[in-house]
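Novice: please find the sequence and the predicted model below.
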Amino acid sequence: MGTTQLESVPEPKYWHLKTVLSEALDSDFAVGEILPNERDLAARFGVARATLRQALEQLELEGRLQRRRGVGTTVAPPRTAVSVSTARHDWPGAPGDDWQTADATAAVPPAAVRSLFDAAEGEEMHIVRRTRVAHGQAVAAELLYVPAASVPELSAIDVPPSPARGRAVLRELQRLDLEGQDRAVELGSARADDAKELDRLPGAPVLVVTTRYFVEGRTMAVSVATYRADTCRLTFGDSGDLEISHPGQQRRAS
């Protein structure tokens, strides 16, 4: 990676540095290769470390770099798409669902989630934790919130917090006649639990997809899925359906 002087560049230094680094990633580095440390890179390009960090953060947002806990900054693989299309109306856990159930507990949901239900303050819900894996890499973590009233038969099932209880919640949801669903997507920062699950640092950029599931006009379950923003991107199919892209799967239209 050569040295480039940036003093006379009219655009912001970090933006030009990002372009220079991006070209170097294409020519000088292989996927998965670890970049030199920040001190060496800043000295090589004659910029302050703060400028370098801005450029690296932008490249991370664009999916060119990954910051891995205990490893450093590595070159990211190319991204391809996985559908999260609203054209498919299924409950979580339906056949073809590629999420893995990790655990299930009963707890009071965050206020932002509770506001999506007709639920009393302090009311506990089933919370199913699931992970979406592609080619051995966790690309998303999900918390599925299900009020006890949505799955009344479950109270008779004596299953302690475990993956088995999570699967029991999903089975009970399948009994309901799903009317529809809607989704909202926003850029966020990884919470500590999500960062650990996704092998990211806390505060790393993520895409948060919130899905509400309706029966007879009532919200019966809410999914909050956190996707790695360094390896995922948003695209829209011809019908306007949403896709999120990640490494390791062939792009397909929704």
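Specialist: Okay, I see it.
Novice: contact partners for residue 145?
Specialist: 109, 113, 117, 125-127, 221-224 (Cβ atoms under 8 Å, 6 or more residues apart in numbering). (C-beta placed from N, C-alpha, C; glycine too.)
Novice: turn these into JSON lines, including distance to residue 98 and secondary structure.
Specialist: Formatted as JSON lines, the contacts of residue 145 follow (distance: Cβ to Cβ, whole Å; DSSP: H, G, I helix; E, B strand; the rest coil):
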{"residue": "109", "distance to residue 98": "25", "secondary structure": "coil"}
{"residue": "113", "distance to residue 98": "24", "secondary structure": "helix"}
{"residue": "117", "distance to residue 98": "26", "secondary structure": "coil"}
{"residue": "125", "distance to residue 98": "24", "secondary structure": "strand"}
{"residue": "126", "distance to residue 98": "21", "secondary structure": "strand"}
{"residue": "127", "distance to residue 98": "20", "secondary structure": "strand"}
{"residue": "221", "distance to residue 98": "18", "secondary structure": "strand"}
{"residue": "222", "distance to residue 98": "20", "secondary structure": "strand"}
{"residue": "223", "distance to residue 98": "14", "secondary structure": "strand"}
{"residue": "224", "distance to residue 98": "18", "secondary structure": "strand"}
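Novice: neighbour count, distance to residue 32 and pLDDT for those residues - can I get that in JSON lines?
Specialist: Below are these laid out as JSON lines (neighbours: other Cβ atoms under 10 Å; distance: Cβ to Cβ, whole Å; pLDDT from 0 to 100):
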{"residue": "109", "neighbour count": "22", "distance to residue 32": "38", "pLDDT": "94"}
{"residue": "113", "neighbour count": "17", "distance to residue 32": "36", "pLDDT": "94"}
{"residue": "117", "neighbour count": "21", "distance to residue 32": "43", "pLDDT": "93"}
{"residue": "125", "neighbour count": "24", "distance to residue 32": "40", "pLDDT": "93"}
{"residue": "126", "neighbour count": "26", "distance to residue 32": "39", "pLDDT": "93"}
{"residue": "127", "neighbour count": "21", "distance to residue 32": "34", "pLDDT": "95"}
{"residue": "221", "neighbour count": "28", "distance to residue 32": "38", "pLDDT": "97"}
{"residue": "222", "neighbour count": "22", "distance to residue 32": "36", "pLDDT": "97"}
{"residue": "223", "neighbour count": "20", "distance to residue 32": "31", "pLDDT": "96"}
{"residue": "224", "neighbour count": "20", "distance to residue 32": "30", "pLDDT": "95"}
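Novice: tell me the two of those that are most distant?
Specialist: 126 and 224 (13.8 Å; Cβ to Cβ).
Novice: hang on, residue 163 packs against residue 102?
Specialist: Yes. The criterion here is Cβ atoms under 8 Å, and residue 163 meets it with residue 102 at 6.2 Å.
Novice: and the next helix or strand past the lowest-mean-pLDDT helix or strand in the chain?
Specialist: Counting by mean pLDDT, DSSP states H and E, the chain has its least confident helix or strand at strand 80-83, which shows a mean of 52. Sequence-wise, the next helix or strand downstream of strand 80-83 (DSSP states H and E) is strand 99-107.
Novice: which stretch of helix or strand covers residue 164?
Specialist: Going by DSSP H and E, residue 164 is in helix 163-174.
Novice: between that helix and strand 99-107, how many degrees?
Specialist: 90 degrees (axes from the mean of the first three to the mean of the last three Cα atoms, to 10 degrees).
Novice: buried residues in the helix or strand following helix 163-174?
Specialist: As assigned by DSSP H and E, the chain's next helix or strand after helix 163-174 is strand 180-189. Buried residues in strand 180-189, counted by 16 or more other Cβ atoms under 10 Å: 181, 185, 188.
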